[in-house]
Structures are given as C-alpha cells and as structure tokens.
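1. what follows is a predicted protein model with its sequence.
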Amino acid sequence: MKIQLIRNATMKIEYGGKTFLTDPMLSPKGAIRSFAGIAENPTVDLPMSVDEVLQGVDAVIVSHNHPDHLDEPALASLDKTLPVFCQPCDDSFLVEKGFERVFPINSKHTWEGIDFHRTGGRHGQGEIGKLMGEVSGFVLQASGEPTLYWAGDSNWCHEVKEAIKKFSPDVIITHSGGAALPGHDPIIMTGEQTMALVQAASDAKVVAVHMESLDHCTVTREGLRKMGDEASIPGSRLIIPKDGETVNL
C-alpha cells in the first residue's frame, strides 16, 4: 500500500491493485474564499499539475462535498465514468454533476475485491457540528493488504473510537489540521486529539494530513511532530507527509 499526499485531504492511495483519488481539491492557490478571514484558499499550490494528479486513477472516494474536499476544478477535470464512492447524502449531488458510476455506501460495499466500510464522524461538536453537516470516514480491507481507516473530517469522538475498536486498523489517516471557524471550536482533529488517537490505537501507524493548506487550519507539521517527540512517538508511527510525498506501507 502506498499513500501519496497531494494537498490537504487529496491523496492517491494505491490499495488492492487500484489507485484511489480522495477528496480532490484541485484549485490553484487563492481560488477559494477565505474560511477564517486570514487568506484565500488554498493557501499553497498543488505540488504537481492536475494532469499528474489524475494520471492512473481508477476510482474516487469523496468523504463529503465541502469545497476543500471536492471543488469546481475537480468536478470539471475528473473523468465522469470513474467509479465514485461516497456517503449516501452526497449521491444525488454527484449524479447531478454528471458522474455516471456513483456508489453511495450505507455500511459496506465490495468493489474489485476491496471491501469498503463507511464510518461515522463529527465535523465539530454541538451547533457547529450540525452546521457543518454529515461527514464520513472509510475503512478499506482486501486480501494481502493492511486494514486502512481514513477517518475523514472528524474530531476525536465516539464514532472514531468505535471504528478503531471494530476494525483494528493497521493504518489510520487523520485530518489533523485543527481547522476552526472564527468563534467556534475546532471542526477536525487538533494536535492534542491526534495524539490521543495515536496513543489509543497503539498498534496502528497514523498518517496525519489536512495541514498547512487552508487558512482556518491551526496545526502545523512542525508543531505536530514536536508533540509526537515529546510523547516519545517515533516518526515511524506518527507519519506527517509533505505535499507530494509518498508513504510506503
């Protein structure tokens, strides 16, 4: 299995002989409105061309349809015949955008020998969580592959804890940028919450993404690595890739 971080939550994951593109945000730097009043988004450019991002992709997984996870350039650029896996509430949106093979996952779906399990999450707590709407994570399982859990845009919460307990993942991808809208608590994992997950899932490798590309994210790679060092968690267990970097697992 290989995970290439493109930017934010956009990744190319090689798993079970297929290449999945996750949460494609393909906009150039500054093309999306500011979320925190600091800068327009994304705050950094893609590390490669859009053509390179799309090269070799067999299917797409969309955790939810917020613009930093599925944007207009992605909708315009993606091959509409690619399989797209999503949460049920995003099914009609994707069909309306022209995708011909949309697979909403209620709980489990099997495709090309790969099992997809949809998991829950909380995109913030209380009123802000209700405002942000439904989000999902996904667990991938296949013969000869480690179990992969992509937690998605979620805080460290009951649903994430239950997914770890149920699936005992070998690899967990977290959104660890501590994104927060003005006047509200964080809507994805903070550094402290990421560390709590790392310590709770003591047998898993954690790959932390969704950092340093949006103006409402507060956690930096350097800051998260420092927290890991202070907790004696090595870089082999808490992996913090740079944009464009490929992690071999």
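-> It's in.
2. and residue 240, what does it touch?
-> 207, 208, 211, 221, 224, 225, 228 (C-beta atoms under 8 Å, 6 or more residues apart in numbering). In this view, the C-beta of every residue, glycine as well, is placed from N, C-alpha and C.
3. CSV for these, including secondary structure?
-> Formatted as CSV, the contacts of residue 240 follow (DSSP: H, G, I helix; E, B strand; the rest coil):
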residue, secondary structure
207, strand
208, strand
211, coil
221, helix
224, helix
225, helix
228, helix
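4. could those residues go into a markdown table alongside neighbour count?
-> Putting the contacts of residue 240 into a markdown table (neighbours: other C-beta atoms under 10 Å) gives the following:
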| residue | neighbour count |
| --- | --- |
| 207 | 21 |
| 208 | 26 |
| 211 | 28 |
| 221 | 17 |
| 224 | 23 |
| 225 | 16 |
| 228 | 22 |
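5. so which of those residues is the closest to residue 148?
-> Distance to residue 148 across these (C-beta to C-beta) is lowest for residue 207, with 9.3 Å.
6. where exactly do the strands run in the chain?
-> For the chain, strands defined by DSSP state E occupy the ranges 2-7, 10-15, 18-22, 59-61, 83-86, 101-104, 108-111, 114-119, 137-141, 148-150, 171-175, 205-209, 238-239, 246-248.
7. and the least confident helix or strand in the chain by mean pLDDT, which residues are buried?
-> Ranking every helix and strand in the chain by mean pLDDT, DSSP states H and E puts helix 126-132 at the bottom, with a mean of 76. Burial within helix 126-132, assessed by neighbour count using 16 or more other C-beta atoms under 10 Å, is assigned to 128, 129, 132.
8. distance of the residue nearest to residue 3 when sequence neighbours are not counted from residue 240?
-> Closest residue to residue 3 apart from its sequence neighbours, by C-beta to C-beta, 6 or more residues apart in numbering: residue 247 at 4.7 Å. Applying C-beta to C-beta, to the nearest Å, the value for residue 247 to residue 240 is 10 Å.
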